[in-house]
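K.L.:
Structure for the following, please:
(chains A and B)
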Amino acid sequence: MIPALATILMFQLAGEVIARALELPLPGPVLGMIGLVVAFLMAPRLAEVVRPTAQGLLAHLSLLFVPAGVGVVAHFGVLSEQGPAIAVALVGSTILAIAVGALVFAYVARLVGSRDDG
Amino acid sequence: MADAALIWSYLSREPLLWLTATLLAYWAGDAAFRASGRKPYVNPVLVAVIVLAAVLWLTGTDYPAYFEGAQFVHFMLGPATVALAVPLHANLSRVRRAALPILAALLAGSVTAVLSALGIAWAMGADAGVLASLAPKSATAPVAIGISEGLGGAPTLTAVLVLLTGIIGAVVVTPLLNALGVRDWRARGFAVGVAAHGIGTARAFQVNETAGAFAGIGMGLNAVLTALIAPLVLRLFV
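P.N.:
Presented below is the predicted three-dimensional model:
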């Protein structure tokens, strides 16, 4: 667990440093994630080391949203004033994005004859 | 017997109380979710947030005091984002086999999510702070919060919008795609992963294993793409 956690934190740290040093628009952890995928490709054994801890973290991913979510208490004013705009934007854009994404995927898959074998 | 006010003044200064309360509230939310038969609208995070918001209001605790304790949970969002590398790497061969549909659907779904959300909110008179907080709402929470901070939005507002987006996506995806006649499980899963991140992905896994795997891929790729396009699209509106 410690080697896995140290690896994850090292990639996050490297991501944060690179994002800030190069003033990239990507958040540090996203750079860390990309870096870790590349590292897995170069050293497949590293994936075996990190996997159990990563899966443990991801199994409780939704718990990690709670503290930021409670921040809603600081936004009741904004939410009551601009609530209708926010609500319509969330529902409308989510429906549109799912519909467009699924239709484009299915259309292009048929076009290029892509099938999933497992 | 010590004075209760003294004990309270200790507890309200230390992180222990609100860290414990966060875990208890999530535990209660998860129990409610299971008891409902895993209905997407009984979201454990939503339940936990409502319970904690009520407790903060009843005890007259402000958000910064709560966050003193909850920050230990919040911190783990960064490492969890890095950990997404594991499912992404595990599914890389399936990604390669469906590379073109994935690329096309990722671009179309991601741009649609940001552009339509900002377009609708802007047309209905939302202000610049709300637009910046809204732009990354389809990305997974840790990434969306990071993007929102960078754009001058309110990260805590973004967290709530991300959560609501996930719940909306999980509730609408099955009836919506049945009505549109999309039968490819990869397409159905991928689209909900792009539009509704982890909550949509959890929903996809309940319906179909392949849909779940592709939802996870969609979530991971959209985390990267939203970080790149949200700032560009936002510039059209503010």
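
K.L.:
what's the helix or strand containing B:F214 packed up against?
P.N.:
Using DSSP states H and E, B:F214 sits in helix B:209-234. When contacts are defined as 3 or more CB pairs under 8 Å, 6 or more residues apart in numbering or on different chains; DSSP states H and E, helix B:209-234 sits against helix A:28-42, helix B:85-90, helix B:92-97, helix B:99-123, helix B:141-151, helix B:185-207. (C-beta placed from N, C-alpha, C; glycine too.)

K.L.:
Any buried residues in that helix, and which?
P.N.:
For helix B:209-234, a neighbour-count test (16 or more other CB atoms under 10 Å in any protein chain shown) marks B:210-227, B:229-231, B:233-234 as buried.

K.L.:
For A:V112, which of the helices and strands packed on helix B:209-234 is the nearest?
P.N.:
helix B:99-123 (5.1 Å; CB to CB).

K.L.:
Distance from the chain centre to whichever helix or strand comes after the closest one, please.
P.N.:
Counting by DSSP H and E, the next helix or strand C-terminal to helix B:99-123 is helix B:128-134. Counting by CA atoms, centre = their mean, to the nearest Å, helix B:128-134 is centred 16 Å from the centre of its parent chain.

K.L.:
check contacts around the one residue in chain A that gets nearest to chain B.
P.N.:
Chain B sits closest to A:G71 of chain A, with a gap of 2.3 Å, by CB to the nearest CB. By CB atoms under 8 Å, 6 or more residues apart in numbering or on different chains, A:G71 lies in contact with B:Y63, B:F67, B:A154, B:P155, B:T156, B:L157, B:A159, B:V160.

K.L.:
Which residue, neighbours along the chain excluded, lies closest to it?
P.N.:
Spatial nearest neighbour of A:G71, chain neighbours left out: B:T156 (2.3 Å); criterion: CB to CB, 6 or more residues apart in numbering or on different chains.

K.L.:
Looking at the residue of chain B found nearest chain A now. What's its pLDDT?
P.N.:
Residue nearest to chain A within chain B (CB to the nearest CB): B:T156, separated by 2.3 Å. For B:T156, the pLDDT comes out at 86.

K.L.:
cool, and A:D117?
P.N.:
The predicted structure scores A:D117 at 57 on the pLDDT scale.

K.L.:
So, low pLDDT: which residues of the chain?
P.N.:
Using chain A. For chain A, the stretches flagged by pLDDT under 70 are A:116-118.

K.L.:
Chain B is the one I meant
P.N.:
Scanning chain B for pLDDT under 70 picks out B:1.

K.L.:
can you rerun that using 50?
P.N.:
Filtered on pLDDT under 50, chain B yields no residues whatsoever.

K.L.:
The residue lying closest to B:L16 once chain neighbours are set aside: neighbour count?
P.N.:
In space, and not counting its chain neighbours, B:L16 is closest to B:G69: 6.7 Å by CB to CB, 6+ apart. As a burial measure, B:G69 scores 20 neighbours (other CB atoms under 10 Å in any protein chain shown).

K.L.:
For the residue of chain B closest to chain A, what is the enclosing helix or strand?
P.N.:
helix B:155-180.

K.L.:
Tell me which other helices or strands that helix touches.
P.N.:
Under the contact criterion of 3+ CB pairs under 8 Å, 6+ apart, helix B:155-180 touches helix A:66-70, helix A:76-112, helix B:44-59, helix B:128-134, helix B:141-151, helix B:185-207.

K.L.:
before we move on, back to that, need the contact list for the residue nearest to B:L16.
P.N.:
Per CB under 8 Å, 6+ apart, neighbours of B:G69: B:E14, B:P15, B:L16, B:L17, B:W18, B:L19, B:T20, B:A21, B:T22.

K.L.:
what do you get if the cut-off is 10 Å, keeping everything else the same?
P.N.:
By CB atoms under 10 Å, 6 or more residues apart in numbering or on different chains, the contact set of B:G69 is A:P67, B:L11, B:S12, B:E14, B:P15, B:L16, B:L17, B:W18, B:L19, B:T20, B:A21, B:T22.

K.L.:
hang on, the last one packs against A:H60?
P.N.:
It stands for B:T22. No - counting by CB atoms under 10 Å, B:T22 stays clear of A:H60, with 12.0 Å between them.

K.L.:
Count the residues that sit near the residue lying closest to A:V70 once chain neighbours are set aside.
P.N.:
Nearest residue to A:V70 in three dimensions, chain neighbours excluded: B:L52, at 4.8 Å (CB to CB, 6+ apart). As a burial measure, B:L52 scores 26 neighbours (other CB under 10 Å).

K.L.:
what residues are up against B:L52?
P.N.:
B:L52 touches A:66-67, A:69-70, A:72-73, B:18, B:21-22, B:24-26, B:29, B:61, B:66, B:70, counting by CB under 10 Å, 6+ apart.

K.L.:
Which members of those occur in helices, if any?
P.N.:
Among the contacts of B:L52, the residues falling in helices (DSSP state H) are A:66-67, A:69-70, B:18, B:21-22, B:24-26, B:29, B:66, B:70.

K.L.:
out of these, who's nearest A:I8?
P.N.:
A:P67 (19.7 Å).

K.L.:
wait, doesn't that closest one sit right on B:A53?
P.N.:
No - if you go by CB under 10 Å, A:P67 and B:A53 don't touch, sitting 11.9 Å apart.

K.L.:
what's the overlap in contacts for these two?
P.N.:
B:Y63, B:Y66.

K.L.:
Run through the residues that contact B:A191.
P.N.:
Neighbour list for B:A191: A:97-106, B:105-106, B:108-109, B:112, B:169, B:173, B:176-177, B:182, B:184, B:200, B:204, B:211, B:214-215, B:218 [criterion: CB under 10 Å, 6+ apart].
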